[in-house]
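Peer 1: Okay, structure incoming, though there's no sequence with it:
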């Protein structure tokens, strides 16, 4: 015999069904964005799928707007004309989508001062999206630049040189609290406090472009 469900059970089921549908729609949107924007280089995909005021956080730490991202993808695809991003994982919950991907391409154009090597590269990355009303409003991306630079053959620590002859092209930076963890609730000794700042950069030392990890303790 058919029996009507209590209203609370119906509402709960409808809510869960709605969230599942939204998650699938958001995953489809991300899939389309990656395929058209990154793999095909169709910059119009950003106009269609991103909010005009979307926050785009790049692996370098820069924050771009959609127009600046379109310029970036054009430059990137000049360096790697056959660049293709393959989905490894795509997980959605609510208005958030997490993507783990692997990018592959052939280095046929200049990349941040590095002349074309003709080498085929492969590097992993991830992106966290926030989607509202069918548009991407937040994009936070990461790319393993160290692995990519190693494959291009430019990983090395620069030799000592005059500061005037060194040119840096930062790829990322940050800081780490070097204070030891306290096991009690006491205040740590001021002498034990400190911060280690780091920066990954392409460095030109009077010739070849190399990659360096630069650290400074404060």
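Peer 2: That came through, no problem. No experiment lies behind these values; they were computed from the predicted model shown. Numbers count the residues shown, from 1 in each chain.
Peer 1: Only C-alpha atoms from now on, for both contacts and neighbour counts.
Peer 2: Fine.
Peer 1: confidence score at the residue nearest to residue 99 when sequence neighbours are not counted?
Peer 2: Distance criterion CA to CA, 6 or more residues apart in numbering; nearest residue to residue 99, sequence neighbours excluded, is residue 90 at 4.6 Å. Looking at residue 90, its pLDDT reads 97.
Peer 1: Let's verify residue 90: helix, strand, or coil?
Peer 2: Here residue 90 is strand, with the state taken from DSSP: H, G, I helix; E, B strand; the rest coil.
Peer 1: what residues are up against it?
Peer 2: 27, 97, 98, 99, 100 (CA atoms under 8 Å, 6 or more residues apart in numbering).
Peer 1: again, but for residue 139
Peer 2: 54, 55, 56, 57, 127, 128, 129, 130.
Peer 1: could those residues be laid out in CSV, adding neighbour count and distance to residue 75?
Peer 2: CSV is the format used below for these (neighbours: other CA atoms under 10 Å; distance: CA to CA, whole Å):
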residue, neighbour count, distance to residue 75
54, 19, 20
55, 19, 20
56, 22, 17
57, 19, 17
127, 20, 20
128, 18, 22
129, 24, 22
130, 20, 25
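Peer 1: Just the buried residues of the strand or helix carrying residue 67, please?
Peer 2: In the assignment (DSSP states H and E), residue 67 maps to helix 66-79. Buried positions in helix 66-79, judged by neighbour count with 16 or more other CA atoms under 10 Å: 66, 69, 70, 73, 74, 75, 76, 77, 78, 79.
Peer 1: what does stretch 108-116 give?
Peer 2: 108, 109, 111, 114.
Peer 1: one step back: which strands or helices does the helix holding residue 67 pack on?
Peer 2: Applying 3 or more CA pairs under 8 Å, 6 or more residues apart in numbering; DSSP states H and E, we find helix 66-79 packed against helix 44-49, strand 50-57.
Peer 1: what would these look like in TSV with distance to residue 151?
Peer 2: Output for the helices and strands packed on helix 66-79, formatted as TSV (distance: least, CA to CA, whole Å):
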stretch	distance to residue 151
helix 44-49	30
strand 50-57	25
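Peer 1: Return the most buried member of these.
Peer 2: Ranked by mean neighbour count, the helices and strands packed on helix 66-79 are led by strand 50-57 with a mean of 19 (mean count of other CA atoms under 10 Å).
Peer 1: Moving C-terminal from it, which element do we reach first?
Peer 2: strand 63-64.
Peer 1: Which elements pack onto that next one?
Peer 2: strand 50-57.
Peer 1: Mark out where each domain of the chain begins and ends.
Peer 2: Domain segmentation of the chain under automatic domain parsing yields 7-152, 163-217.
Peer 1: Tell me how far the nearest residue to residue 77 once chain neighbours are set aside lies from residue 137.
Peer 2: In space, and not counting its chain neighbours, residue 77 is closest to residue 83: 6.5 Å by CA to CA, 6+ apart. Separation of residue 83 from residue 137 (CA to CA, to the nearest Å) stands at 24 Å.
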